[in-house]
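Q: model the structure of this input:
(one chain, ligands or ions: 2)
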Amino acid sequence: MTKLTDIATYLGKENWDMTFITNPTTVNYLTGFSMDPHERILGLMIFPDCEPLLFTPELEVEKAKAHVNFDVIGYADNENPWAKIKSHLAGHQIKTIAVEYDHLILSKSDGLKSVFDGISFNNLTPLINRMRLIKSDDEIQKMLVAGDYADRCFDIGFQFAGSEPGLTEMDVVAKIEFEMKRQGISEMSFDTMVLTGDRAANPHGVPEAVTIQQNKLLLFDLGVMSNGYASDASRTISIGQPSDVDRKIYEITREAQQAAFDFVKPGVTAFEVDKVARDVITKAGYGDYFTHRTGHGIGMDVHEFPSIGGSEDITIEKGMCFSIEPGIYIPNQVGVRIEDCLYVTETGAKSFTQTSKDLLIF
Ligand code: MN
Ligand code: MN
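A: Ligands and ions are numbered 1, 2, ... in the order given. Got it, this is the predicted structure:
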């Protein structure tokens with residue numbers, strides 16, 4: 001309830017009349033009510049001076065009521081949702097609505113405009129990002145559990161990939177996800193990535209039914225959703241004996257990852273963290289092959305605010321959670337990425353994942 005009160009106070013300060021929050025992750029973050037509306041309408045309305053209202057498809061009303069202690073309004077598939085919202089807000093003067101600019105789609109924005117004459121929108125996303133930026137102890141506990149599952153995925157994937165020749169990337173993906181389902185994980189945080197040899201030189205490569213090459217590196221990038229929180233980690237192992245070049249690329253990446261990780265503490269900036277990782281790779285002569293930012297925030301979404309080495313700088317604070325994931329990608333040759341997500345403590349950082357960063361050979 002405190003989070004809702006914080007938003008209500010903010011609305012009052014900004015002179016905004018209400019929110020219409022459509023991102024299910026934000027609704028879950030604020031209320032504990034988790035659902036996927038698909039194309040239907042979910043709207044959390046918070047007001048500066050009265051109780052919030054939750055608008056959901058009729059199918060979800062009972063579940064929603066178990067999570068919130070304010071009114072839940074449902075709408076059936078044969079009702080006009082916007083007219084229903086309007087009738088419930090008959091006593092309110094609505095001129096400005098705070099919405100998430102990174103989520104509200106045009107058809108829903110038009111729906112709001114169709115029932116509220118002359119309304120204007122304001123962007124609620126920066127406030128939500130700021131609230132979600134610093135994780136509570138409870139959130140960090142959940143992320144540690146999600147991280148532990150990622151470690152289990154690595155263990156399962158490494159053992160299986162090395163168990164016999166002839167397996168494909170997709171065989172290993174299937175094995176990992178099958179075992180996770182059996183352990184009660186219903187959703188990975190993104191499509192599991194297993195890429196062999198030069199196929200890992202594409203940082204966003206897609207696994208296929210392609211045989212895993214012997215004496216080549218194998219890149220894993222994966223994570224799970226657990227209790228509403230994501231994990232995300234990468235490891236690169238060797239199937240058979242790695243070449244000297246592959247080993248060298250691996251060790252440079254590892255040094256960059258460790259240096260950036262060790263550098264993180266409250267007071268340093270995201271740009272500085274990125275520079276620490278990048279400098280290691282640049283000094284070794286591979287700067288042109290580290291083609292993305294060093295990391296991204298993580299929490300209920302696998303990618304969230306802030307960027308570590310994006311276009312905007314930010315000062316690191318205790319409770320922030322983000323990835324450190326430098327990589328070196330040499331086209332047609334090799335790709336290495338090592339990634340852990342961390343949480344910032346008073347004096348440094350701790351990792352959500354514990355899988356060894358030695359070059360493991362299977
Ligand atoms: Mn990541
Ligand atoms: Mn990743």
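
Q: which one's the longest helix in this protein?
A: Identified as the longest helix of the chain according to DSSP state H is helix 137-161.

Q: pull the next helix or strand after it out as PDB, backbone CA atoms only.
A: Where DSSP states H and E defines the elements, the next helix or strand beyond helix 137-161 is helix 169-182. Provided in PDB are the C-alpha atoms of helix 169-182 (Å, rounded to 0.1, in the frame of the first residue of the first chain):
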ATOM      1  CA  GLU A 169      22.000 -26.500 -29.700                       C
ATOM      2  CA  MET A 170      18.300 -27.100 -29.500                       C
ATOM      3  CA  ASP A 171      18.800 -30.500 -27.800                       C
ATOM      4  CA  VAL A 172      20.600 -28.700 -25.000                       C
ATOM      5  CA  VAL A 173      18.000 -25.900 -24.800                       C
ATOM      6  CA  ALA A 174      15.200 -28.500 -24.600                       C
ATOM      7  CA  LYS A 175      17.000 -30.400 -21.900                       C
ATOM      8  CA  ILE A 176      17.500 -27.300 -19.700                       C
ATOM      9  CA  GLU A 177      13.900 -26.100 -20.100                       C
ATOM     10  CA  PHE A 178      12.500 -29.600 -19.600                       C
ATOM     11  CA  GLU A 179      14.400 -30.000 -16.300                       C
ATOM     12  CA  MET A 180      13.300 -26.500 -15.200                       C
ATOM     13  CA  LYS A 181       9.600 -27.300 -15.800                       C
ATOM     14  CA  ARG A 182      10.100 -30.500 -13.700                       C
END
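
Q: my guess is Asn28 is in a helix, correct?
A: Yes: secondary structure assignment places Asn28 in a helix (DSSP: H, G, I helix; E, B strand; the rest coil).

Q: is any residue of the longest helix of the chain near ligand 2?
A: No: using CB under 5 Å from the ion, helix 137-161 stays clear of ligand 2, coming no nearer than 9.4 Å. For every residue, glycine as well, the C-beta is placed using N, CA and C.

Q: show me which residues of that helix are buried.
A: Applying a neighbour-count criterion of 16 or more other CB atoms under 10 Å, one finds 139-140, 142-144, 146-154, 156-158, 160-161 buried in helix 137-161.

Q: number of nearby residues for the residue nearest to Tyr101 when sequence neighbours are not counted?
A: With sequence-adjacent residues excluded and distances taken as CB to CB, 6 or more residues apart in numbering, Tyr101 is closest to Asn123, at 4.4 Å. Other residues lying near Asn123 total 13 when counted by other CB atoms under 10 Å.

Q: identify the residues contacting Val273.
A: Val273 makes contacts with 260, 263-264, 294-295, 308-309, 316, 324, as judged by CB atoms under 8 Å, 6 or more residues apart in numbering.

Q: how about the CA coordinates for the helix or strand harbouring it, as PDB?
A: Assigning secondary structure by DSSP H and E places Val273 in helix 270-283. Only the C-alpha atoms of helix 270-283 are listed here, as PDB (Å, rounded to 0.1, in the frame of the first residue of the first chain):
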ATOM      1  CA  ALA A 270      27.400   3.300 -14.600                       C
ATOM      2  CA  PHE A 271      29.700   4.900 -17.300                       C
ATOM      3  CA  GLU A 272      32.700   4.200 -15.000                       C
ATOM      4  CA  VAL A 273      31.600   0.600 -14.600                       C
ATOM      5  CA  ASP A 274      31.300   0.200 -18.400                       C
ATOM      6  CA  LYS A 275      34.700   1.800 -18.900                       C
ATOM      7  CA  VAL A 276      36.400  -0.600 -16.500                       C
ATOM      8  CA  ALA A 277      35.200  -3.600 -18.500                       C
ATOM      9  CA  ARG A 278      35.800  -1.900 -21.900                       C
ATOM     10  CA  ASP A 279      39.300  -0.800 -21.000                       C
ATOM     11  CA  VAL A 280      40.400  -4.300 -20.300                       C
ATOM     12  CA  ILE A 281      39.100  -5.500 -23.700                       C
ATOM     13  CA  THR A 282      40.400  -2.500 -25.600                       C
ATOM     14  CA  LYS A 283      43.900  -2.700 -24.100                       C
END
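
Q: Leu124 and Pro266, how far apart?
A: When CB to CB, to the nearest Å is the yardstick, Leu124 and Pro266 sit 27 Å from each other.

Q: for Phe322, that is, sorry about that
A: Counting by CB to CB, the gap from Phe322 to Pro266 is 13 Å.

Q: neighbour-wise, which of these two wins?
A: Phe322 (29 against 16).

Q: and the more buried one, how far is that from ligand 2?
A: 12 Å (CB to the ion, to the nearest Å).

Q: which element is that residue on?
A: Of the helices and strands defined by DSSP H and E, Phe322 is found in strand 321-324.

Q: and that strand, does that touch ligand 1?
A: Yes: under the criterion of CB under 5 Å from the ion, ligand 1 is reached by strand 321-324 at Ser323.

Q: one more: stretch 343-357?
A: No: Stretch 343-357 does not reach ligand 1 (CB under 5 Å from the ion); its nearest approach is 11.3 Å.
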